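# give me the fold of what follows.
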Amino acid sequence: MVRKEFLELLRTDSAFREEVRRQILTDDLLTLPQKFDSLTELVAESLTILKELVGIVRTLAEAQQRTEAILQRHEEQIGEIIATQQRIFEILQRHEEQIGQLIEAQRQMEEQIRELVKAQQRTEEQLQKLVQWQQGEIGRQRGRDYEREIIRRAPILFQGGEGGSTEEFMVRQRLAEQLASILSEVPDDKDADPFLADLLWWKGDCVAVVEVSLQVNGYDVHRAAQRAATLRRAGLHVLPIVIGESWTGSDAQDAAISKKVEWKVGSDLSEGFIDFRRRAPRG
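Just a heads-up that it's a prediction; the model follows:
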């Protein structure tokens, strides 16, 4: 009877049931539901956190995939950059070789230009020498022509008399006869040798020793004076004369005056030249 009542009270009386639970169950068992609930909450929270972690891991995985993709693209770009740099380096290397070839070609061209300049300078020097020689030849030819003209016109220039170029046999023979007494004493000096005078002209008892030049200089005056001095040593009455178209300078005329050399330069006649023209020819 007691058992039935006890069971009935357990089914119907919650306070009795709670009291029996406290009497029968330990504190640990009594708190077990609470702990279970707490555990359930903790598990739920853990699941939530786990889900969040899974989401984070997934996000990180996706980010890593994107990062790897970016890195791969960067690697490809870096590879392209490296390849481009290599091509640029090869181009620069070829350009350096071409520049080196251009520099060498330029050096050779400059060397050739220097050689051409030297050759041109040599040509110009040779041409200048040729021009100078030609001018000299022209001057000498004009001088010779002028000298021959004076010799041919001597009878008119001196207004009578006789003589001619020392290249003429008769002139040399007559001169040799007049110098016979001193021929062995004639100095070995071309400037003093009357046989090298341009013109010898006799008029009366006087002989003119003449130097002819287009432009009369001091050396012409010197030769005329020296050759006249040689003739005087043989006892001859001698008149040194220079004939030309112009003086090279006032010093040449001053030399003629100081050395007592007469002249016909252009239209200018010295007093001694005029006197020689007035001299009567030998009868």
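
# for the stretch 1-150 of the chain, which segments count as helices?
Ranges of helices in the stretch 1-150 of the chain, per DSSP state H, counting those that start in this stretch, are 2-12, 14-24, 27-152.

# residue 232 versus the residue nearest to the spatial centre of the chain, what's the distance?
Most central residue of the chain, judged by C-alpha distance to the mean C-alpha position with Cα atoms, centre = their mean, is residue 114 at 8.1 Å. In this view, residue 114 and residue 232 are 63 Å apart by Cβ to Cβ, to the nearest Å. In this view, the C-beta of every residue, glycine as well, is placed from N, C-alpha and C.

# equivalent analysis for residue 73, please.
Separation of residue 73 from residue 232 (Cβ to Cβ): 121 Å.

# what does residue 244 give?
With Cβ to Cβ as the criterion, residue 244 and residue 232 are 24 Å apart.

# so which of these two has more stuff around it?
residue 244 (23 against 12; other Cβ atoms under 10 Å).

# please point out which parts of stretch 275-283 sit buried.
276-277, 279 (16 or more other Cβ atoms under 10 Å).

# quick one: which of these sit in helices?
If you go by DSSP state H, the buried residues of stretch 275-283 have 276-277 in helices.

# who's in contact with residue 278?
Residues near residue 278 by Cβ atoms under 8 Å, 6 or more residues apart in numbering: residue 159.

# so how far is residue 265 from it?
Taken as Cβ to Cβ, the span from residue 278 to residue 265 is 19 Å.

# for residue 249, same thing?
Applying Cβ to Cβ to residue 249 and residue 265 gives a distance of 12 Å.

# likewise for residue 44?
Residue 44 is 146 Å from residue 265, by Cβ to Cβ.

# settle it for me: which of these two has more neighbours?
residue 265 (20 against 10).

# okay, the more buried one: pLDDT?
Residue 265 carries a pLDDT value of 97.

# try residue 56
So, for residue 56, pLDDT stands at 74.

# one more: residue 31?
Predicted confidence (pLDDT) for residue 31: 66.

# returning to what we had before: closest one to residue 207 among the helices of the stretch 1-150 of the chain?
Among the helices of the stretch 1-150 of the chain, helix 27-152 comes nearest to residue 207, with 15.3 Å by Cβ to Cβ.

# what's the closest one packed up against?
Using 3 or more Cβ pairs under 8 Å, 6 or more residues apart in numbering; DSSP states H and E as the contact test, the elements touching helix 27-152 are strand 199-203, strand 206-212.

# switch the cut-off to 10 Å
Contacts defined by 3 or more Cβ pairs under 10 Å, 6 or more residues apart in numbering; DSSP states H and E place helix 27-152 against helix 14-24, strand 162-164, strand 199-203, strand 206-212, strand 237-244.

# that concludes my questions; thank you for your assistance.
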